[in-house]
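1. Test case, fold it:
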Amino acid sequence: MSPISKRRYEIQIMLAMAIYVVVLLAVWPLARSVDAFMPKLACTLAPVLPLVYVIGVMAQRIARSDELEQRTHLIGLGVAVAVISLYGMVAGFLAVAELLSPRATAAALLWVFPLLVMIYSIARALASRHYGSGLCDGDGLASELRWLYVAAVFAAVGGWSWWREGGNRATAIMLVAAVLCVAGAVFQRQRRR
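-> Predicted coordinates:
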């Protein structure tokens with residue numbers, strides 16, 4: 001089995017997450033307005049499909065990587081699982097003690113996967129640096145493109161939120177998108193020096 005290039009991996013992940021955002025914004029809200037069980041279930045679980053694809057792509061990349069890279073993935077996954085387990089336990093205890101409302105508990109649960117991926121990415125990057133960085137990952141997308149992609153996602157969510165309800169939440173999301181755009185531009189400028 002030949003390894004999956006980092007560039008191809010990142011493009012597959014970014015496309016899947018873009019589909020996730022579209023499904024989350026367009027299909028998932030329909031679950032509240034549908035009364036029949038099966039359509040309601042389909043609308044509710046539709047955002048899970050792109051996430052299953054992302055997990056499959058991640059597993060395939062790990063399985064096809066060399067032993068050193070697999071070790072850094074294992075370290076990243078171990079740290080992420082430990083942190084998210086603590087997060088889940090704290091949220092559970094707060095919910096049982098009725099210090100979190102059911103809505104806040106549901107919101108905390110929705111953040112489990114995104115937080116897991118973020119913590120895994122950071123822990124894996126730190127492990128890679130410990131072992132000498134590089135690790136055959138030089139063929140990925142430029143970091144400023146990643147920043148701009150995330151900014152575009154935030155801008156889309158902010159625009160949708162503004163269109164649906166307006167207000168402070170949409171403004172805050174759009175502000176995050178602007179900050180991410182600036183960060184991408186700063187990274188691009190530093191890279192050219």
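
2. Please parse this structure into its domains.
-> With domains defined by automatic domain parsing, the chain comprises 1-64, 66-140, 142-193.

3. just checking, which of those domains comes out with the lowest mean pLDDT?
-> Lowest mean pLDDT of the domains of the chain: domain 142-193, a mean of 67.

4. Tell me where the protein has helices.
-> For the chain, applying DSSP state H gives helices covering 6-26, 37-45, 48-63, 67-96, 102-110, 112-130, 143-164, 168-192.

5. now what about the second one, what contacts it?
-> The set of residues external to helix 37-45 that reach it, using C-beta atoms under 8 Å, 6 or more residues apart in numbering, is 27, 28, 30, 31, 34. Heads up, the C-betas are built off the backbone N, CA and C, glycines and all.

6. Straight-line length of stretch 105-117, end to end?
-> Terminal residues of stretch 105-117 are spaced 20 Å apart (C-alpha to C-alpha, to the nearest Å).

7. ditto for stretch 94-113
-> Taking C-alpha to C-alpha, stretch 94-113 runs 19 Å from one end to the other.

8. Stretch 40-54 now?
-> OK, stretch 40-54 end separation, C-alpha to C-alpha: 24 Å.

9. Could you tell me how far that stretch lies from the centre of the chain?
-> Centroid separation for stretch 40-54 versus its chain: 15 Å, with C-alpha atoms, centre = their mean, to the nearest Å.

10. Just list the residues touching the residue nearest to residue 113 when sequence neighbours are not counted, thanks.
-> Counting by C-beta to C-beta, 6 or more residues apart in numbering, residue 113 lies nearest to residue 51, which is 6.2 Å off, once chain neighbours are set aside. Neighbour list for residue 51: 16, 20, 113 [criterion: C-beta under 8 Å, 6+ apart].

11. Put the buried members of those residues into a PyMOL selection.
-> Buried subset of those, written as a PyMOL selection, criterion 16 or more other C-beta atoms under 10 Å:
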select buried, resi 16+20
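
12. Nearest to residue 152 among the contacts of residue 51?
-> For the contacts of residue 51, the minimum distance to residue 152 (C-beta to C-beta) is 13.7 Å, reached by residue 20.

13. my guess is that closest one meets residue 46, correct?
-> No: the criterion here is C-beta atoms under 8 Å, and residue 20 misses it with residue 46 at 9.5 Å.

14. Alright, I will stop here.
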